[in-house]
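Trainee: can you look at this prediction? I've put the sequence above it.
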Amino acid sequence: MTSDTLLTVSGFSVTYDVDPPVEAVRDVSLELRRGEILGLAGESGCGKTTLAYGIQRLLKPPAVITGGHTVFHDESGSDVDINALTPEQLRAFRWDKVSMVFQGAMNALNPVTRIGDQLEDVFTTHRPSMGKAERRDECARLLDIVGVGRDRVKSYPHELSGGMRQRVMIAMAMALRPQLMIMDEPTTALDVLVQRGILRQISELREELGFSVIFITHDLPLLLEISDRIAVMKDGRIVEIDTAERIYRDAQHEYTRRLLSSFPSLTGDRGGFVRGDDARVASGARKEVAR
Amino acid sequence: MTTLEFRNVTKRYKVRGAGDMLALDDVSFSLESGQTIALVGQSGSGKSTIAKILTQLERATTGEVLLDGKPIPHRGPGLRRYRQRVRMVFQDPFASLNPYHTIRHHLERPLRLDKVVPKDQVESEVMALLERVRLDPSATVDRRPHELSGGQRQRVAIARALASRPELLIADEPVSMLDVSIRLGVLNLLADLQRESNLGVLYITHDLATARHFSDRIMVLHHGVVVERGDADGVILDPQHEYTRALRDASPDPDRHFAGPAGTASLRS
């Protein structure tokens, strides 16, 4: 019987060892549940990407993990202390258990390699026992799942639209059926219709395959819609973590309220946006649920 | 009162091996001083082609662009005067300022080139412009772009656009590259400036929420065709065209999401 918790982060801190040192992540603790979508919100420089990289040990100097643990509770029942993995273990662990869709993923594909071959690399590395035909099948299936279609397996990245390239990256991140996918601004450069299609797909795949997602973005309205819970970061700390609905209806931290008010609502009130001769409302004084 | 009119404008691009690409198909609208029109649509809908034609970086294939009823000039001093009256603010404040030059240089250039004020008043005008965009003049004027934040840079870009005392401003995604907490500050600034100077603003964006709150009217562009236009609230709250509805429904909207009965996860998938 496996526990409900997939990942436990405790007292996690990261410092960039430059002059003067920057404490990018400060004493962060959180628990991620199995199958949960956790939104990580905050502005540029708040430490959200550093945290996401840090928990899978993807940081390189001058970043130093100065404290804390990340424990991954595998579905097999064993616990993995990510900080204690040897380089070889870490290599096997990454992508197999935790995968990542990187920021600007549209440009993360190798421009001179067919996307099918890039997908196959994942299996060649992590599933060396797989035969060539089986690998090909699997790649075609993945491209179908994300809605790109198996007939694009021989395409080069530049032959695909931005949204399709993004879907290829998601296919790649799903290839080994990881238990956790970390997505760093996966839809930020895409327009709303494409973004909506991809989000819907992530939700459906999550329902079907049961993986957890850490979804990083500064787009709070988007997070409110897709996340189960949201953690709001500021200056390296999580200032508030709660269900999306409670963050929306009853944010406790002043910074969360300010962030909420900086997005005028599409169909509701205007948040901190003031136009014409309206009186200037103090930012943060977001009205109780509009309508 | 200044009026800029787009009359039956069509723009075709020649695509090698694929014949013509129709970027704009018979688009007409007019923008007046004191008015803000938002132009929305997804990538590739033709928004930026409109901006390029308005600034004469591209010429319309057929149709006319009129300023106060007269066709706008395509070259020479006439074009220069036109560009003085109709100014552009670009999307990326990291790319639109020259990294080698100080902020002073950026603001002095349009003032000198367009001879906005006599030479001995250039300095005080630079300071006044920085003041207008709510930057600390003495702390900013001798800096270079890399020493400023994204929001400060965009304010400089706005100050530069205002230097020639334009009547109309074309703002192509002016806040999409900025951090969320400062986006509203920059939009609020644009709205204030617009009222102070009775500017006409064409706000090009894919963000329907700010389009609604920032503009008087919204035009929705789809495959080079204006599929819907009307007052801002009406277009967003009660869209008539199916494409506008699709755009609206795809935009994140927690208010709508949480407005339903207690079990709100229903909208999620």
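Mentor: Now that the structure is in, tell me what you want to look at.
Trainee: which residue ranges of chain B form helices?
Mentor: Using DSSP state H, the helices found in chain B span residues B:47-54, B:76-85, B:103-113, B:122-132, B:137-140, B:150-163, B:180-197, B:208-214, B:232-237, B:242-250, B:254-259.
Trainee: count the residues that sit near the one residue in the stretch 1-150 of chain B that gets nearest to chain A.
Mentor: Closest contact between the stretch 1-150 of chain B and chain A, by CB to the nearest CB, is at B:Q42 (4.0 Å). Yep, even glycine has a C-beta here, placed from its N, CA and C like the rest. By the criterion of other CB atoms under 10 Å in any protein chain shown, B:Q42 has 20 neighbours.
Trainee: chain B versus the residue nearest to A:V153 when sequence neighbours are not counted, what's the distance?
Mentor: Of all residues not flanking A:V153 in the chain, A:G116 sits nearest, at 3.5 Å (CB to CB, 6 or more residues apart in numbering or on different chains). Going from A:G116 to chain B by CB to the nearest CB, to the nearest Å gives 25 Å.
Trainee: residues in contact with the residue of the stretch 1-150 of chain B closest to chain A?
Mentor: Contacts for B:Q42 (CB atoms under 8 Å, 6 or more residues apart in numbering or on different chains) come out as A:D191, A:V192, A:L193, A:V194, B:H206, B:H222, B:L247.
Trainee: pLDDT check: weakest of these?
Mentor: Taking these together, the minimum pLDDT is found at A:D191 (78).
Trainee: which residues of the stretch 51-200 of chain B lie near chain A?
Mentor: With CB under 8 Å from any CB of the partner chain as the criterion, the stretch 51-200 of chain B meets chain A at residues B:D179, B:V180, B:S181, B:R183, B:L184, B:L187, B:N188, B:A191, B:R195.
Trainee: who touches the longest helix anywhere in chain A?
Mentor: Taking DSSP H as the criterion, chain A has its longest helix at helix A:192-209. Applying CB under 8 Å, 6+ apart, the contact partners of helix A:192-209 are A:35, A:37, A:145-147, A:161-163, A:166-167, A:170, A:174, A:177, A:183, A:186-187, A:190, A:211, A:213, A:222, A:225-226, B:42-43, B:206, B:208, B:246-247, B:249-251, B:268-269.
Trainee: and those, which are buried?
Mentor: Taking 16 or more other CB atoms under 10 Å in any protein chain shown as the criterion, what is buried in those is A:35, A:37, A:145-146, A:163, A:166-167, A:170, A:174, A:183, A:186-187, A:190, A:211, A:213, A:222, A:225-226, B:42-43, B:206, B:208, B:246-247, B:250-251, B:268.
Trainee: could you find the closest non-adjacent residue to B:L129?
Mentor: B:A159 is the one closest to B:L129 (CB to CB, 6+ apart), at 4.3 Å.
Trainee: ok, now which ones touch the one you found?
Mentor: B:L107, B:L129, B:L130, B:R132, B:V133, B:L135.
Trainee: switch to 10 Å and redo it
Mentor: By CB atoms under 10 Å, 6 or more residues apart in numbering or on different chains, the residues touching B:A159 are B:103, B:106-107, B:110, B:126, B:128-135, B:140, B:193.
Trainee: which ChimeraX command selects the buried ones in the residues of the stretch 51-200 of chain B next to chain A?
Mentor: In ChimeraX syntax, the buried subset of these is picked out as below (16+ other CB under 10 Å):
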select /B:179,180,181,183,184,187,188,191
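Trainee: and the strands in the stretch 101-250 of chain A?
Mentor: A:180-184, A:212-216, A:229-234, A:237-243 (DSSP state E, counting those that start in this stretch).
Trainee: in a markdown table: the ones you listed, plus mean pLDDT and distance to A:Y255.
Mentor: Formatted as a markdown table, those follow (pLDDT from 0 to 100; distance: least, CB to CB, whole Å):
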| stretch | mean pLDDT | distance to A:Y255 |
| --- | --- | --- |
| strand A:180-184 | 93 | 21 |
| strand A:212-216 | 94 | 17 |
| strand A:229-234 | 94 | 5 |
| strand A:237-243 | 94 | 5 |
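Trainee: dump the ones you listed to TSV, plus distance to chain B.
Mentor: Compiled in TSV, the strands of the stretch 101-250 of chain A are given as follows (distance: least, CB to the nearest CB, whole Å):
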stretch	distance to chain B
strand A:180-184	15
strand A:212-216	12
strand A:229-234	10
strand A:237-243	10
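Trainee: looking at those, which is nearest to B:S48?
Mentor: Of all the strands of the stretch 101-250 of chain A, strand A:180-184 sits nearest to B:S48, with 27.2 Å by CB to CB.
Trainee: in this structure B:D207 contacts B:L39, no?
Mentor: No. Counting by CB atoms under 10 Å, B:D207 stays clear of B:L39, with 11.7 Å between them.
Trainee: settle it for me: which of those two has more neighbours?
Mentor: B:L39 (30 against 21).
Trainee: show me what contacts the more buried one?
Mentor: By CB under 10 Å, 6+ apart, the residues touching B:L39 are B:27, B:29, B:31, B:45-48, B:50-51, B:170-172, B:202-206, B:211, B:215, B:217-221, B:226, B:229.
Trainee: same thing but at 6 Å, please
Mentor: Taking CB atoms under 6 Å, 6 or more residues apart in numbering or on different chains, we find B:L39 in contact with B:K47, B:I204, B:M219.
Trainee: try A:A41
Mentor: A:L220, A:L223, A:I230, A:V232.
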